[in-house]
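Enquirer: No letters, just coordinates:
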């Protein structure tokens, strides 16, 4: 029951912050959507900020795991499987954009706690991608390359693709950017 | 004198919104930094929103012109000149990130006026880049290609590069992403 209350707060906070940004997020609306009283919230979180940081960290980790988590456990096809995850639109919301990028853009230059948390989330994604590239090199699927730089490049282009779709309101802009990115990365294949 | 007051408001609004986002921007601080009284502001703008939209539109147009405006008037080297602009770090602020992306991320899904303005600014950048690619094709510097898609791809990757640098606090992440992007685009050269 206790865990249930905490989870409801995490879920509602994530949705509110994803939609409106951290500064625009209303604690009143979060509590209303979570159906939790303010007093109960204080059993779990000291304030809105602590709750938002926890929500972002936990929900984003979950998203990454769902989308890319199993790739490192495979025996082959690392790059194709990664792009399968990238191209799966079922859990993407181009109207709201990338929940990670949104908060970096909004908060990283004005609040150190957000800067540190978002830096760590972004780094986790790049590091995981670097491991995927490493596996692919080990299996001789792609040639030797600067894994760290390629992981950064893919991450940047992926983030930009989401932004382009949010800017234009056209999911096709995401699809087109990713198509060219995949073509480019496929030139590394042996 | 009148124009001077308006320009002071535009400059101060742009800086405040760039640093803190639109929702986080304080009208009081803007007026203080512009050294303009609230009453005078209403001669030029109906409210904070109208002033912010004008500031973003005008200042970003200016930035684009300074950085990329003269390229279309050149006789050759379109792609190299474009990347010279991209790689010029003198007017970039990775701490605050991309002023266009920041506002798209923050506002495009919650306010129609912002969505329309930011869509138009983003499109202007892509369209200009498409024209640069077209000039380059006409001059047989690069081979025939899907200009629209390549312009979108470059724009996405460029935006992602700025985000990556803001996320990590490392300008090198921008430089490295752009290096790979330029290598990729150079494969189109004849």
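Expert: Nice, I can see it. No experiment lies behind these values; they were computed from the predicted model shown.

Enquirer: Without its sequence neighbours, what residue ends up closest to residue A:79?
Expert: Of all residues not flanking residue A:79 in the chain, residue A:136 sits nearest, at 5.4 Å (C-beta to C-beta, 6 or more residues apart in numbering or on different chains). Using the backbone N, CA and C atoms, a C-beta is placed for each residue, glycine as well.

Enquirer: Relative to residue A:22, how far out is the nearest residue to residue A:15 once chain neighbours are set aside?
Expert: Nearest residue to residue A:15, sequence neighbours excluded (C-beta to C-beta, 6+ apart): residue A:33, at 7.1 Å. Using C-beta to C-beta, to the nearest Å, residue A:33 is found at 16 Å from residue A:22.

Enquirer: If you count surrounding residues, which of those two has more?
Expert: Neighbour totals were compared for residue A:33 and residue A:22, and residue A:22 leads with 23 against 16 (other C-beta atoms under 10 Å in any protein chain shown).

Enquirer: what's the helix or strand in which residue A:63 is found packed up against?
Expert: Using DSSP states H and E, residue A:63 maps to helix A:48-68. Packing partners of helix A:48-68 (3 or more C-beta pairs under 8 Å, 6 or more residues apart in numbering or on different chains; DSSP states H and E): helix A:2-20, helix A:27-34, helix A:78-87, helix A:99-107, helix A:112-138.

Enquirer: Can you give the contact residues for the second one?
Expert: This points to helix A:27-34. A:8-9, A:11-13, A:15-16, A:37-38, A:41, A:48, A:51 (C-beta atoms under 8 Å, 6 or more residues apart in numbering or on different chains).

Enquirer: same thing with the third one?
Expert: When contacts are taken as C-beta under 8 Å, 6+ apart, the neighbours of helix A:78-87 outside the stretch itself are A:67-68, A:71, A:74, A:129, A:132-133, A:135-136, A:139, A:141-142, A:158, A:175, A:178, A:182, A:185-186, A:188-189.

Enquirer: Next, the angle from it to helix A:112-138.
Expert: 140 degrees (axes from the mean of the first three to the mean of the last three C-alpha atoms, to 10 degrees).

Enquirer: Buried by neighbour count: which residues of helix A:78-87 qualify?
Expert: A:78-79, A:81-83, A:85-86 (16 or more other C-beta atoms under 10 Å in any protein chain shown).

Enquirer: Over to the last one?
Expert: With burial defined by 16+ other C-beta under 10 Å, the residues of helix A:112-138 counted as buried are A:114-115, A:117-119, A:121-122, A:125-126, A:128-130, A:132-133, A:135-137.

Enquirer: Walk me through the domains of chain A.
Expert: A:1-53, A:69-186 (automatic domain parsing).

Enquirer: which of the ones you listed is buried the deepest?
Expert: Counting by mean count of other C-beta atoms under 10 Å in any protein chain shown, domain A:69-186 has the highest mean neighbour count of the domains of chain A, with a mean of 19.

Enquirer: What's the mean pLDDT across it?
Expert: Domain A:69-186 comes out with an average pLDDT of 96.

Enquirer: got a list of what the residue lying farthest from the centre of chain A touches?
Expert: Distance from the centre of chain A peaks at residue A:39, with 30.7 Å (C-alpha atoms, centre = their mean). Listed by C-beta under 8 Å, 6+ apart, residue A:39 has no contact partners.

Enquirer: which one of the buried residues of helix A:78-87 is nearest chain B?
Expert: Closest to chain B out of the buried residues of helix A:78-87 is residue A:86 (12.9 Å), distances taken as C-beta to the nearest C-beta.
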